[in-house]
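> everything below, folded, please.
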Amino acid sequence: MTPVQAGNTAENTAGSEQDTAELWTTRRVNRTALLTMVVMLFAWSVDYVDRFSISMALPLIGQEFQVGKTEQGWLITVFALVYMVCQIPAGYLADRFGSRGPMLVTLIMWSVFTALSGMAGTFGLLLVIRGLFGVCQGCFPAASIKAIAERTTPENRATTTGVMMAAGGVGAGIAPLIVGPLLLAVGWRHTFVWIAACGVILGVVVWAILPKPLPARLSENRKETQAPQGISRKQVLRSPMIWKFALLFCVSNMLAYGLVTWVPSYLVEVRHLPLDQTGVYAAIPMLVGIGTTILGGWLFDKYFHDKARWYLAVVSIVTAVLLALMVNAGGTVEFTVYETLAVGVSSLATMAVFGLPLRVLPPAVAGLGAGIMNFGGQVAGAIAPVVMGLLADHFSFTAAFGFLIVTTVLTAVVAFWVPQHAGQFSFR
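Here you go, the predicted model:
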């Protein structure tokens, strides 16, 4: 082979590799990201329907076991405590064994414990079952965020994750519409069995069509993120930057846990609505939050990926004002309008909390990073239900919802303490 022929061969090989990269970029990358968004949206929707169904059933559970709101709040808090503790170990497991297997196992197991919740003979046993339910669900978020990190590029990761996290609105919105009529038709015990059966079927279907991961050169586009390479798990675990974002997620997540847990009880006990109407009113704000969560992810990727502080602060202050109007609402419709506006506005900031860490962390350690951040978010799940239950028992629902106003303002404060762009991250 002559030097000219060898040169032509090398050029052809290089051209072929370039064509392959372009094929991934223009076709398979976009298709993989899109399919991943759809699959994870459905998987997380199943997650949230299973999780939030307990909130609709709290009044009936309280009546059957003759326990007050504080004890009812513990059904949410015991789940959140166990769920919280599992986050960091779950991140290690996801990084060690991949995302696909852990997601399937945990999905099936949490559906089993959803069914067992409807079979508990005592309130104490129900608490234990909800704790085990928390173990199973606690291993899911880190694996799912790692799955997205493996199947997206940094520049569209917040948008994709925003679609997945919009499932919180899907689950919280659909759960009341499904659970309310079921509670009236078959009671709270059989309701959990039906939800569990549907969860297993839907979960296995969406897991089966999850696409393969992208090549590492695409999912770890270091030119885009400008983040250091070769980050170890130990560095992630010790990073004060990641823990600051965990605190930010904690204070911002109080709102979601507080509203989902106690708005149904408020509508039943204070506004005297029947369960079927309660389901509709409770669903409206969460369904609106679906669209604004997705919009927030796109806005972050497009405009705010390097200036999220002011965005977060403004969104939080506006949300706090809307919550104050909600607390002072004169009627059910007015209450729901302000709650809907508050949830819609606050959901715009969801990916401003997660977006920057997801851009900085390479997929190899994304599971652990997500686990640490979600640990912070679940501290809110451990605190908000019980604190608000205590305030409702000893004062009023007005005091309970006032707690959410305080934590929302605190979110605006903490926003100025976290890194603003990738260059401010340190993993030493």
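> go through the protein and flag its longest helix.
helix 167-208 (DSSP state H).
> now for it, which elements pack on it?
helix 29-65, helix 100-117, helix 240-269, helix 275-299 (3 or more CB pairs under 8 Å, 6 or more residues apart in numbering; DSSP states H and E). C-beta here means a position set from N, CA and C on the backbone, and glycine is covered the same way.
> tell me the helices and strands packed up against whatever helix or strand comes next after the shortest one.
Toward the C-terminal end, the helix or strand that comes next after helix 100-117 (DSSP states H and E) is helix 123-138. For helix 123-138, the packing partners by 3+ CB pairs under 8 Å, 6+ apart come out as helix 29-65, helix 69-97, helix 100-117.
> let's have those helices in CSV, adding distance to Ser396, mean neighbour count and mean pLDDT.
What follows is the helices and strands packed on helix 123-138, written out as CSV (distance: least, CB to CB, whole Å; neighbours: other CB atoms under 10 Å; pLDDT from 0 to 100):
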stretch, distance to Ser396, mean neighbour count, mean pLDDT
helix 29-65, 17, 21, 80
helix 69-97, 11, 22, 81
helix 100-117, 29, 21, 83
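> distance to Ile195 for those - can I get that in CSV?
As requested, these are exported to CSV (distance: least, CB to CB, whole Å):
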stretch, distance to Ile195
helix 29-65, 6
helix 69-97, 15
helix 100-117, 6
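> looking at those, spot the one closest to His394.
The closest of these to His394 is helix 69-97. By CB to CB, the value is 8.8 Å.
> from the chain's centroid, how far away is the longest helix of the chain?
Put simply, helix 167-208 sits 17 Å off its chain's centre (CA atoms, centre = their mean, to the nearest Å).
> now it and helix 100-117, what's the angle there?
120 degrees (axes from the mean of the first three to the mean of the last three CA atoms, to 10 degrees).
> and the angle from helix 167-208 to helix 29-65?
Using the same axes, to 10 degrees: helix 167-208 against helix 29-65 is 120 degrees.
> quickly note the distance from the residue positioned nearest the centre of the chain to Gly377.
For the chain, the residue nearest the mean C-alpha position is Met165 (4.8 Å; CA atoms, centre = their mean). For Met165, the distance to Gly377 equals 11 Å [CB to CB, to the nearest Å].
> Val38 now?
Applying CB to CB to Val38 and Gly377 gives a distance of 24 Å.
> ok, now Ser45?
Taking CB to CB, one finds Ser45 at 18 Å from Gly377.
> what's the answer for Ser347, then?
Using CB to CB, Ser347 is found at 14 Å from Gly377.
> just checking, Arg189 touches Ala115?
No: taking CB atoms under 8 Å as the definition, Arg189 is not a contact partner of Ala115, at 9.9 Å.
> got any residues that touch both of the two?
Common contacts of Arg189 and Ala115, defined by CB atoms under 8 Å, 6 or more residues apart in numbering, are absent altogether.
> so which of Ser347 and Gly377 has more stuff around it?
Each of Ser347 and Gly377 has its neighbours counted (other CB atoms under 10 Å); Ser347 has more, 30 against 27.
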